[in-house]
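> Fold the following for me, if possible:
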Amino acid sequence: MNPKLLLPLALAALAVPCIAVAKLAPPSDEAKAKAAEAAAKTAWSDKVASYKLCQSMDRVAAAYFEQAKKAGKPASAPVATPPCTDPGPFAYAPPLEAAGAHSPPPTAAAPPSSNQPAASAAPKK
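A predicted model of the protein is given here:
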């Protein structure tokens, strides 16, 4: 290898780890909420996939036992398995904090008090 190329390559190799150490800004509350919703949707999708797989395995096993019975082959008794559970439709309820339950009050349209003296505001009896 050419010795003139060795020094620049070595310097470049040393500079790469320094660039990778840079820190990212922390995610915003909105980004965290979107990530939580995405994680919930992924978990639900996994449950749906497992449910569909369970149904297909049941259909294949039933077809196998039916064909074995028609052919007169001895087939072992089906093994009892738990029923397939449907995960239902996707429903995500964000935490109260993410929904704005603790949001600040709206911007004031008028000052909270006036310069009018209390004596002039209340009529005399």
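> pLDDT weak spots in the chain?
1, 3, 11, 14-21, 96-105, 111-114, 117-125 (pLDDT under 70).
> residue nearest the centroid of it?
Centroid-nearest residue in the chain: Ala39, 1.9 Å away (criterion: Cα atoms, centre = their mean).
> any idea which element it lies in?
Using DSSP states H and E, Ala39 falls within helix 29-71.
> which residues sit in contact with Lys41?
The contact partners of Lys41, by Cβ atoms under 8 Å, 6 or more residues apart in numbering, come to 90, 92. Every residue, glycine included, has its C-beta placed from N, CA and C.
> Check Pro78 too.
61, 65.
> before we move on, what SS does it have?
Judged by DSSP: H, G, I helix; E, B strand; the rest coil, the three-state class of Pro78 is coil.
> any idea how far Ala61 is from it?
6 Å (Cβ to Cβ, to the nearest Å).
> again, but for Pro26
Remark: distance between Pro26 and Ala61 (Cβ to Cβ) = 50 Å.
> quick one, which of these two is more surrounded?
Between Pro26 and Ala61, counted using other Cβ atoms under 10 Å, Ala61 has the larger neighbour count: 13 against 7.
> got a list of what that one touches?
Counting by Cβ under 8 Å, 6+ apart, Ala61 makes contact with Pro78.
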